[in-house]
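Asks: no sequence for this one, just the structure:
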DNA sequence: TGCCTATTTGGCTATATTGCCAAATAACGA
DNA sequence: TCGTTATTTGGCAATATAGCCAAATAGGCA
(Lines give C-alpha, C1' and ligand atoms only; values in the text may rest on other atoms or scores of the structure.)
Protein backbone atom coordinates (compact mmCIF):
# COMPACT_ATOMS: atom_id res chain seq x y z
CA UNK A 1 0.00 0.00 0.00
CA UNK A 2 1.66 3.27 -1.07
CA UNK A 3 1.95 6.35 1.11
CA UNK A 4 -0.57 8.44 -0.84
CA UNK A 5 -3.23 5.82 -0.64
CA UNK A 6 -2.54 5.31 3.04
CA UNK A 7 -2.89 9.04 3.75
CA UNK A 8 -6.10 9.17 1.81
CA UNK A 9 -7.56 6.21 3.69
CA UNK A 10 -6.58 7.79 6.98
CA UNK A 11 -8.29 11.04 5.98
CA UNK A 12 -11.47 9.20 5.07
CA UNK A 13 -11.37 7.23 8.27
CA UNK A 14 -11.09 10.44 10.31
CA UNK A 15 -14.27 11.79 8.72
CA UNK A 16 -16.18 8.58 9.36
CA UNK A 17 -14.88 8.36 12.90
CA UNK A 18 -16.12 11.86 13.59
CA UNK A 19 -19.62 10.74 12.57
CA UNK A 20 -19.54 7.37 14.30
CA UNK A 21 -21.27 8.20 17.56
CA UNK A 22 -25.01 8.27 18.34
CA UNK A 23 -24.90 11.73 19.92
CA UNK A 24 -22.96 13.16 17.00
CA UNK A 25 -25.37 11.61 14.52
CA UNK A 26 -28.20 13.20 16.49
CA UNK A 27 -26.49 16.56 16.23
CA UNK A 28 -26.02 16.14 12.47
CA UNK A 29 -29.69 15.26 12.06
CA UNK A 30 -30.74 18.31 14.02
CA UNK A 31 -28.40 20.55 12.05
CA UNK A 32 -30.00 19.30 8.85
CA UNK A 33 -33.04 21.29 9.96
CA UNK A 34 -30.93 24.41 10.41
CA UNK A 35 -28.27 25.88 12.65
CA UNK A 36 -28.50 25.38 16.39
CA UNK A 37 -26.74 26.83 19.42
CA UNK A 38 -24.90 24.63 21.88
CA UNK A 39 -27.45 25.32 24.61
CA UNK A 40 -30.42 24.07 22.56
CA UNK A 41 -28.56 20.99 21.39
CA UNK A 42 -27.56 20.28 24.98
CA UNK A 43 -31.18 20.53 26.13
CA UNK A 44 -32.26 18.06 23.43
CA UNK A 45 -29.46 15.61 24.12
CA UNK A 46 -29.69 15.67 27.89
CA UNK A 47 -25.98 15.27 28.63
CA UNK A 48 -23.54 17.63 30.30
CA UNK A 49 -22.80 20.79 28.28
CA UNK A 50 -19.13 19.98 28.29
CA UNK A 51 -19.86 16.59 26.77
CA UNK A 52 -21.92 18.15 23.98
CA UNK A 53 -19.26 20.78 23.42
CA UNK A 54 -16.65 18.08 22.99
CA UNK A 55 -18.82 16.19 20.52
CA UNK A 56 -19.23 19.40 18.53
CA UNK A 57 -15.50 19.85 18.61
CA UNK A 58 -15.03 16.36 17.17
CA UNK A 59 -17.48 17.15 14.36
CA UNK A 60 -15.68 20.42 13.68
CA UNK A 61 -12.28 18.73 13.58
CA UNK A 62 -13.75 16.16 11.22
CA UNK A 63 -14.89 18.89 8.85
CA UNK A 64 -18.57 18.09 9.34
CA UNK A 65 -19.73 21.32 10.95
CA UNK A 66 -18.86 25.01 11.13
CA UNK A 67 -19.34 27.26 14.12
CA UNK A 68 -20.32 30.89 14.34
CA UNK A 69 -20.15 32.86 17.54
CA UNK A 70 -22.86 35.48 17.91
CA UNK A 71 -23.12 37.24 21.22
CA UNK A 72 -22.39 34.78 23.94
CA UNK A 73 -23.82 31.89 22.00
CA UNK A 74 -22.14 29.65 19.44
CA UNK A 75 -24.21 28.42 16.52
CA UNK A 76 -23.25 25.29 14.62
CA UNK A 77 -24.30 24.32 11.12
CA UNK A 78 -23.50 21.56 8.63
CA UNK A 79 -20.55 22.28 6.43
CA UNK A 80 -21.26 19.78 3.66
CA UNK A 81 -24.72 19.48 2.13
CA UNK A 82 -24.54 15.81 1.14
CA UNK A 83 -24.70 14.33 4.62
CA UNK A 84 -28.33 13.36 4.03
CA UNK A 85 -27.60 11.15 0.99
CA UNK A 86 -24.77 9.75 2.98
CA UNK A 87 -27.15 8.18 5.44
CA UNK A 88 -29.12 6.55 2.65
CA UNK A 89 -26.41 3.95 2.39
CA UNK A 90 -26.16 3.41 6.12
CA UNK A 91 -29.89 2.78 6.04
CA UNK A 92 -29.44 0.19 3.30
CA UNK A 93 -27.00 -1.62 5.53
CA UNK A 94 -29.45 -1.58 8.40
CA UNK A 95 -32.36 -2.69 6.19
CA UNK A 96 -30.33 -5.56 4.81
CA UNK A 97 -29.53 -6.62 8.35
CA UNK A 98 -33.20 -6.40 9.29
CA UNK A 99 -34.22 -8.45 6.26
CA UNK A 100 -31.66 -11.11 7.10
CA UNK A 101 -33.07 -11.24 10.59
CA UNK A 102 -36.57 -11.76 9.19
CA UNK A 103 -35.28 -14.45 6.82
CA UNK A 104 -33.58 -16.13 9.72
CA UNK A 105 -36.75 -16.18 11.83
CA UNK A 106 -38.75 -17.44 8.85
CA UNK A 107 -36.38 -20.30 8.30
CA UNK A 108 -36.49 -21.20 11.97
CA UNK A 109 -40.28 -21.18 11.94
CA UNK A 110 -40.53 -23.34 8.82
CA UNK B 1 -34.78 11.93 22.62
CA UNK B 2 -37.14 8.91 22.49
CA UNK B 3 -36.04 5.31 22.72
CA UNK B 4 -36.72 4.45 19.09
CA UNK B 5 -34.69 7.31 17.80
CA UNK B 6 -31.90 6.49 20.19
CA UNK B 7 -31.80 2.87 19.05
CA UNK B 8 -31.77 3.96 15.45
CA UNK B 9 -28.91 6.38 16.00
CA UNK B 10 -26.95 3.69 17.81
CA UNK B 11 -27.50 1.30 14.91
CA UNK B 12 -26.26 3.89 12.42
CA UNK B 13 -23.28 4.67 14.58
CA UNK B 14 -22.32 0.99 14.70
CA UNK B 15 -22.24 0.83 10.90
CA UNK B 16 -20.12 3.97 10.63
CA UNK B 17 -17.80 2.80 13.37
CA UNK B 18 -17.23 -0.45 11.53
CA UNK B 19 -16.05 1.56 8.51
CA UNK B 20 -14.03 4.13 10.43
CA UNK B 21 -10.55 2.65 10.17
CA UNK B 22 -7.99 2.99 7.38
CA UNK B 23 -7.37 -0.74 7.09
CA UNK B 24 -11.07 -1.49 6.96
CA UNK B 25 -11.59 1.17 4.30
CA UNK B 26 -8.78 -0.41 2.33
CA UNK B 27 -10.51 -3.77 2.59
CA UNK B 28 -13.81 -2.26 1.43
CA UNK B 29 -12.09 -0.65 -1.56
CA UNK B 30 -10.47 -3.93 -2.52
CA UNK B 31 -13.74 -5.81 -2.16
CA UNK B 32 -15.36 -3.33 -4.53
CA UNK B 33 -13.22 -4.99 -7.21
CA UNK B 34 -14.51 -8.42 -6.23
CA UNK B 35 -14.28 -10.99 -3.49
CA UNK B 36 -10.96 -11.67 -1.83
CA UNK B 37 -9.62 -14.31 0.52
CA UNK B 38 -8.11 -13.39 3.87
CA UNK B 39 -4.66 -14.45 2.75
CA UNK B 40 -4.59 -12.10 -0.25
CA UNK B 41 -5.95 -9.17 1.76
CA UNK B 42 -3.34 -9.86 4.43
CA UNK B 43 -0.55 -9.80 1.85
CA UNK B 44 -1.77 -6.44 0.51
CA UNK B 45 -2.19 -4.90 3.95
CA UNK B 46 1.06 -6.12 5.42
CA UNK B 47 -0.18 -6.65 8.98
CA UNK B 48 -0.50 -9.80 11.02
CA UNK B 49 -3.15 -12.23 9.72
CA UNK B 50 -4.88 -12.14 13.06
CA UNK B 51 -5.17 -8.36 12.83
CA UNK B 52 -6.72 -8.56 9.37
CA UNK B 53 -9.05 -11.31 10.50
CA UNK B 54 -10.26 -9.13 13.34
CA UNK B 55 -10.86 -6.19 11.02
CA UNK B 56 -12.89 -8.47 8.77
CA UNK B 57 -14.84 -9.61 11.78
CA UNK B 58 -15.65 -5.98 12.63
CA UNK B 59 -16.86 -5.37 9.07
CA UNK B 60 -18.96 -8.52 9.23
CA UNK B 61 -20.51 -7.53 12.56
CA UNK B 62 -21.25 -4.12 11.09
CA UNK B 63 -23.12 -5.70 8.20
CA UNK B 64 -20.65 -4.45 5.61
CA UNK B 65 -19.30 -7.75 4.33
CA UNK B 66 -20.30 -11.38 3.96
CA UNK B 67 -17.98 -14.35 4.20
CA UNK B 68 -17.96 -17.61 2.34
CA UNK B 69 -15.75 -20.50 3.29
CA UNK B 70 -14.53 -22.55 0.35
CA UNK B 71 -11.98 -25.22 1.09
CA UNK B 72 -9.61 -23.94 3.69
CA UNK B 73 -9.94 -20.35 2.52
CA UNK B 74 -12.54 -17.76 3.51
CA UNK B 75 -13.66 -15.31 0.83
CA UNK B 76 -15.13 -11.97 1.79
CA UNK B 77 -17.34 -9.76 -0.35
CA UNK B 78 -19.33 -6.55 0.06
CA UNK B 79 -22.84 -7.03 1.29
CA UNK B 80 -24.30 -3.68 0.25
CA UNK B 81 -23.74 -2.28 -3.23
CA UNK B 82 -23.97 1.41 -2.33
CA UNK B 83 -20.71 1.70 -0.45
CA UNK B 84 -19.15 3.44 -3.44
CA UNK B 85 -21.66 6.32 -3.48
CA UNK B 86 -21.23 6.48 0.22
CA UNK B 87 -17.67 7.60 -0.16
CA UNK B 88 -18.66 10.35 -2.53
CA UNK B 89 -19.80 12.37 0.43
CA UNK B 90 -16.72 11.63 2.49
CA UNK B 91 -14.74 12.91 -0.47
CA UNK B 92 -16.77 16.12 -0.50
CA UNK B 93 -15.86 16.65 3.12
CA UNK B 94 -12.20 16.13 2.35
CA UNK B 95 -12.31 18.40 -0.70
CA UNK B 96 -13.98 21.14 1.30
CA UNK B 97 -11.25 20.83 3.88
CA UNK B 98 -8.61 20.99 1.19
CA UNK B 99 -10.21 24.08 -0.35
CA UNK B 100 -10.33 25.77 3.03
CA UNK B 101 -6.69 25.00 3.49
CA UNK B 102 -5.92 26.62 0.15
CA UNK B 103 -8.07 29.63 1.05
CA UNK B 104 -6.24 29.90 4.32
CA UNK B 105 -2.84 29.85 2.68
CA UNK B 106 -4.02 32.38 0.11
CA UNK B 107 -5.21 34.78 2.79
CA UNK B 108 -1.95 34.40 4.66
CA UNK B 109 0.00 35.12 1.50
CA UNK B 110 -2.06 38.20 0.63
C1' DT C 1 -3.43 -40.62 10.96
C1' DG C 2 -0.18 -36.82 10.56
C1' DC C 3 1.34 -32.64 8.36
C1' DC C 4 0.58 -28.34 6.13
C1' DT C 5 -1.99 -24.17 5.05
C1' DA C 6 -5.68 -20.83 6.16
C1' DT C 7 -8.24 -18.61 9.52
C1' DT C 8 -10.02 -17.45 14.04
C1' DT C 9 -9.71 -16.78 18.98
C1' DG C 10 -7.50 -15.64 23.54
C1' DG C 11 -4.65 -12.79 25.93
C1' DC C 12 -1.80 -9.03 26.63
C1' DT C 13 -0.23 -4.06 26.39
C1' DA C 14 -0.60 0.47 24.56
C1' DT C 15 -3.51 3.92 23.16
C1' DA C 16 -7.94 6.35 22.30
C1' DT C 17 -12.61 7.56 23.50
C1' DT C 18 -16.36 8.89 26.48
C1' DG C 19 -18.57 11.37 30.06
C1' DC C 20 -18.59 13.75 34.18
C1' DC C 21 -17.05 17.59 37.34
C1' DA C 22 -14.61 21.74 38.12
C1' DA C 23 -12.37 25.64 36.44
C1' DA C 24 -11.30 28.97 32.78
C1' DT C 25 -12.94 32.09 29.18
C1' DA C 26 -16.10 35.24 26.78
C1' DA C 27 -20.03 38.28 26.28
C1' DC C 28 -23.88 40.63 28.13
C1' DG C 29 -26.50 43.70 31.16
C1' DA C 30 -27.17 46.14 35.69
C1' DT D 1 -17.06 46.58 37.81
C1' DC D 2 -19.93 42.57 39.21
C1' DG D 3 -22.96 38.93 38.40
C1' DT D 4 -25.07 35.93 35.07
C1' DT D 5 -25.24 33.03 31.06
C1' DA D 6 -22.95 30.39 27.33
C1' DT D 7 -19.21 27.77 26.00
C1' DT D 8 -14.71 25.56 26.13
C1' DT D 9 -10.87 23.32 28.39
C1' DG D 10 -8.38 20.37 31.87
C1' DG D 11 -8.37 16.39 34.35
C1' DC D 12 -9.86 12.05 35.87
C1' DA D 13 -11.85 7.17 35.75
C1' DA D 14 -14.15 3.76 33.03
C1' DT D 15 -14.39 1.56 28.85
C1' DA D 16 -13.25 0.42 24.03
C1' DT D 17 -9.98 -0.26 20.27
C1' DA D 18 -5.78 -1.86 17.86
C1' DG D 19 -2.03 -4.71 17.11
C1' DC D 20 0.96 -8.41 18.12
C1' DC D 21 2.07 -13.29 19.54
C1' DA D 22 0.66 -17.82 20.68
C1' DA D 23 -2.65 -21.30 20.56
C1' DA D 24 -6.87 -23.38 18.81
C1' DT D 25 -9.68 -24.78 14.87
C1' DA D 26 -10.75 -26.42 10.16
C1' DG D 27 -9.82 -28.34 5.63
C1' DG D 28 -6.94 -30.76 2.27
C1' DC D 29 -3.71 -34.20 1.09
C1' DA D 30 -0.07 -37.89 1.49
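Replies: Structure's in. What do you need? Treat the numbers as computed from the prediction; the structure is a model and nothing was measured.

Asks: OK, contacts around residue A:71?
Replies: With contacts defined as CB atoms under 8 Å, 6 or more residues apart in numbering or on different chains, residue A:71 has no neighbours. C-betas here are computed from N, CA, C, even on glycine.

Asks: what parts of chain A come near DNA strand D?
Replies: A:37-39, A:42, A:49-50, A:53-54, A:56-57, A:67, A:72-75 (CB under 7 Å from any atom of the strand).

Asks: tell me which helix or strand of chain A sits lowest on mean pLDDT?
Replies: Ranked by mean pLDDT, DSSP states H and E, the weakest helix or strand in chain A is helix A:83-109, scoring a mean of 61.

Asks: now, of the residues of chain A next to DNA strand D, which are buried?
Replies: Buried members of those, counted by 16 or more other CB atoms under 10 Å in any protein chain shown: A:37-38, A:42, A:56, A:67, A:75.

Asks: among the residues you listed, which two are most distant?
Replies: A:42 and A:67 (14.4 Å; CB to CB).

Asks: mind listing the helices for chain A?
Replies: A:3-19, A:22-32, A:38-45, A:49-61, A:83-109 (DSSP state H).

Asks: what sits up against stretch A:40-51?
Replies: Contact with stretch A:40-51 is made by A:23, A:26-27, A:30, A:38-39, A:52, A:56, A:76, B:1, as judged by CB under 8 Å, 6+ apart.

Asks: what's the first-to-last distance across it?
Replies: Its start and end residues considered, stretch A:40-51 measures 14 Å (CA to CA, to the nearest Å).

Asks: follow-up on the earlier one: let's have the buried ones among the residues of chain A next to DNA strand D in TSV, adding distance to DNA strand C and pLDDT.
Replies: Converted to TSV, these look like this (distance: CB to the nearest atom of the strand, whole Å; pLDDT from 0 to 100):
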residue	distance to DNA strand C	pLDDT
A:37	13	98
A:38	12	98
A:42	10	98
A:56	11	98
A:67	13	96
A:75	13	98
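
Asks: can you put those in JSON lines and add distance to residue B:17?
Replies: Shown next, in JSON lines, are those (distance: CB to CB, whole Å):
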{"residue": "A:37", "distance to residue B:17": "28"}
{"residue": "A:38", "distance to residue B:17": "24"}
{"residue": "A:42", "distance to residue B:17": "23"}
{"residue": "A:56", "distance to residue B:17": "19"}
{"residue": "A:67", "distance to residue B:17": "24"}
{"residue": "A:75", "distance to residue B:17": "28"}
